[in-house]
Structure formats: structure tokens, C-alpha cells
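Undergrad: Need a 3D model of the sequence below.
(one chain, ligands or ions: 1)
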Amino acid sequence: MTPPTYNPDILIIGAGLAGLSAANDLQRAGFKVLVVDKGRGLGGRLASRRIGGATFDHGAQFMTTRQPRFVEQVNQWVDAGVAEPWYSSVPGQPNSHVRYRGVPTMTAIAKYMAQDIDILRTTAVTAIAHADNGWIATLDNGATVSSGSMIITSPAPQTIELLATGNTQLPDDKCARLNRIVYESCIAVMAILDSPSNLPSPGALMLEDGPIAWISDNQQKGISILPAITIHGSGAFSAKYFDDDRNLVAEKLIAAAKPYVGANVLEFQTHGWRYSKPLVMDAHSCMLASEHTSLPPLIFAGDAFAGPRVEGAVLSGWAAAEALINC
Ligand SMILES: Cc1cc2nc3c(=O)[nH]c(=O)nc-3n(C[C@H](O)[C@H](O)[C@H](O)COP(=O)(O)OP(=O)(O)OC[C@H]3O[C@@H](n4cnc5c(N)ncnc54)[C@H](O)[C@@H]3O)c2cc1C
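TA: Got it, this is the predicted structure:
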């Protein structure tokens, strides 16, 4: 059978929060949108996993709100039952930002954002090229997408790789902006415990020094029936050990977490986020890469443009949609 060709007005690469936010705004504006994501689940770095009877958030842990439109968006998620306040301060760390969590897990937010959008999951875009009046994207299942415009929300190094697959030549200043973006890595460990952890309420511990950046108690958070913790390695630790044997690295993190957690680990799994959070970001909320070129509309978006967090990804997606509508 001949692989299909899809013909949306706009192809969006990535079903993380940037891609889904752009998709919703563009669809509301009357465009036919197709989102393609290589991942099995929706949400990109909003990620949850079940191991046995335990449930873990192992990517983004919570959201904070700053910009008025995002405050409104989170309130709408709360009304829809897919988000709720988790905590606003931890013992010894005064902080007034309310941390919102997804309900039941962080990925609920992505699923909610995706409900009216056409999405191809477990499908990677392997090459992109521009034609006379649009973009041709090749998918790993042999299908192609022919679209008038394209938004790419993958982390910048992956976007650079994708651009190199076809005939897309960006101006030097735009290439330089993409190349400047730097991410830290994060090794995540998801561990089932033999008894509840010793972490004080609300079950969230941020550490400044050492191998661990974050420990959360998924049971206290209210997402896991069984005692279960997520440990995030610090940026320095994760960079140092990213390519080492993951189980041995996880054992180091579990040992370092023991004084805080108390309980013993029965079983664990790991996940490596090579591009976890942007450390060096672009100065704009998205990049209209095709501006001042003969290329069809092409926009880069994601948290590297509008802030290294869930809110930044959403704001960048909205900015990309607006830039495309005004193209
Ligand atoms: C461990 C960790 C902890 C974090 N903690 C927090 C937190 O507590 N609070 C907070 O606000 N933020 C946190 N963040 C950051 C937050 O998760 C991100 O800022 C946000 O989710 C980024 O969204 P995005 O849409 O820009 O990118 P992503 O979510 O990365 O989405 C990009 C998508 O593109 C897809 N993709 C890439 N290449 C291709 C391709 N060639 N073909 C098809 N699909 C492709 C990917 O599969 C992915 O789904 C954390 C991140 C990590 C990793």
C-alpha cells in the first residue's frame, strides 16, 4: 500500500505544550492543523509512567503561573479537572508561587489540550524540505506531509539536525540564534518504596548541592497508590553520567536520596532527559525563521524561547501561532 500524504495548512512538529498550544490557537483561527510526535504519549517533557501499581511524574513536576493569559489558562485547566494547586511553599523555603500539578498526572494537561487536534503519535519527522509553495516533511513510516507552513518545537539541537536533512538554508543570524541555545540534562529515577517516604509534606524537596536536584513523593502528591518517589539528578551530575550504565547511575542517586527518603527501594526504572531545561535561551518568544527569506512560513517555538518551564512552552506556542497568523 502506498504511504499516505497528509495535506494540512500547518504541520506542527511536537505534541509538547508548545506544539499543542500553537495547534489550539491556529485551529481556532480556522487553519487545518496536523501535529506529529515521535513519542508514544502526549506532552513531551510532561511525562508520567506506571510501574506495577505505582504512578510517577518523571518529567515536569509542576507548573507556576506568571503571565495573565497563562493564569487564565491554568484556571481553565483547574475548572476542567485536569490541574489543581499542589503547594505554595515548602518548609524552610518561603515562596509565594503556587505550584499546580496535573490531575491525575502531569500528562492529563497535554491530553486535555490534544482532544480536538489531529495528531500522529509514535511518528518521527525524519526529513524536511521546502517546495515551491510549502513544506514537505517525510515521516518514519514512509508517509509525507505537505503543508503551507510549519512550526517546529523540538529542542534546538534536534531542530538543527532536522534542518540539515533537506534544502533548508537559514540566514546566518538565525542559525547563530539556534546554535546558542544550550540545555542541561537530567537523569530521572522512578523508585517504588517498601513504605511511605520520610519526606515532609508536601513531599517535594529541592536540593541546591550534590548529585540530586529534586525528590518528590508521588504518593503524597496524590498520584500514586503505592509509596513511590521520583529523583532528578542535578544538571552537573546528569551531564557527567548521562552515557554511563543507567542502573549503576540510578543506584548512586538512590543512595544519595536515602537520608531524605528513609524507606528502601523495591524496584526502579530510569529515564534520561538529554534536553531537560534550557540554560541559555533565545531572547524572543519564538523565531520566525523564514522572515526575510524566500522560504515558506517556518517558525521555531518551545521553552527555549519564552522561558525554561511549562509556562514558557505555552507562551512560545501561542507566540508562534500569532506570528503565523500575521505572516
Ligand atoms: C526532568 C524535568 C523536570 C522539569 N520540571 C519542570 C517543572 O517542575 N516545572 C516546569 O514548569 N517545567 C519543568 N520542566 C520543563 C518543562 O517540562 C518544559 O519546559 C516543557 O515541557 C517544554 O515543552 P515544549 O513543548 O517546549 O517541548 P517538549 O515537551 O520537549 O516537546 C517537544 C516534542 O517534540 C517531539 N519531537 C522532537 N523531535 C521530533 C521529530 N523529529 N518528529 C516528531 N516529534 C518530535 C518530542 O517527542 C516532544 O514531544 C522540566 C523538564 C524536565 C525534563
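
Undergrad: Between the two ends of stretch 114-121, what distance do you get?
TA: Counting by CA to CA, to the nearest Å, you get 11 Å between the two ends of stretch 114-121.

Undergrad: Can you point out the buried residues in it?
TA: Residues of stretch 114-121 classed as buried by neighbour count (16 or more other CB atoms under 10 Å): Ala114, Ile117, Ile119, Leu120. For the C-beta atoms, the positions are set from N, CA and C on the backbone; glycine is no exception.

Undergrad: just stretch 16-34 next, same as before
TA: 16-27, 31, 33-34.

Undergrad: Keep only those of those residues that are also close to the ligand.
TA: Among these, the residues within reach of the ligand (CB under 6 Å from any ligand atom) are Gly16, Leu17, Ala18, Gly19.

Undergrad: circling back: can you flag which of the buried residues of stretch 114-121 belong to helices?
TA: Ala114 (DSSP state H).

Undergrad: Can you tell me which of the buried residues of stretch 114-121 lies closest to Ala143?
TA: Comparing the buried residues of stretch 114-121 against Ala143 with CB to CB places Leu120 closest, at 8.2 Å.

Undergrad: Could you point out the bridge partners of the closest one in the sheet?
TA: Beta-bridge partners for Leu120, by DSSP bridges, are Val36.

Undergrad: Mind jotting down where the strands sit in the stretch 201-327 of the chain?
TA: Along the stretch 201-327 of the chain, counting by DSSP state E, counting those that start in this stretch, strands occupy 204-206, 212-217, 228-233, 265-280, 287-288, 298-300.

Undergrad: closest one to Leu162 among these?
TA: Among those, if distance is taken as CB to CB, the winner is strand 298-300, at 10.4 Å.

Undergrad: circling back to that earlier point, could I get the buried residues of stretch 114-121 in JSON lines, plus columns for distance to Ile299 and pLDDT?
TA: Converted to JSON lines, the buried residues of stretch 114-121 look like this (distance: CB to CB, whole Å; pLDDT from 0 to 100):
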{"residue": "Ala114", "distance to Ile299": "20", "pLDDT": "98"}
{"residue": "Ile117", "distance to Ile299": "17", "pLDDT": "98"}
{"residue": "Ile119", "distance to Ile299": "18", "pLDDT": "98"}
{"residue": "Leu120", "distance to Ile299": "19", "pLDDT": "98"}
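
Undergrad: List just the nearest of the buried residues of stretch 114-121 to the ligand.
TA: Leu120 (8.6 Å; CB to the nearest ligand atom).

Undergrad: Pretty sure that closest one sits against Arg40.
TA: No. Using CB atoms under 8 Å as the test, Leu120 is too far from Arg40 to be in contact (12.0 Å).

Undergrad: returning to what we had before: which two of the ones next to the ligand among the buried residues of stretch 16-34 have the greatest separation?
TA: Top of the distance list for those (CB to CB): Leu17 and Gly19, 7.5 Å.

Undergrad: any residues in contact with both of those two?
TA: The contact sets of Leu17 and Gly19 overlap at Gly44, Gly317 (CB atoms under 8 Å, 6 or more residues apart in numbering).

Undergrad: mind checking pLDDT for Pro4?
TA: Pro4 carries a pLDDT value of 88.

Undergrad: check contacts around it.
TA: Ala143.

Undergrad: Tell me who's in contact with the residue in the stretch 151-300 of the chain that the ligand sits nearest to.
TA: Proximity to the ligand, evaluated over the stretch 151-300 of the chain using CB to the nearest ligand atom, is greatest for Ser154 at 3.3 Å. With contact set as CB under 8 Å, 6+ apart, Ser154 has these partners: Ile13, Gly14, Leu162, Gly302.

Undergrad: on that earlier part again, now, which of the ones next to the ligand among the buried residues of stretch 16-34 sits nearest Ala204?
TA: Nearest member of these to Ala204, counting by CB to CB, is Leu17, at 20.6 Å.
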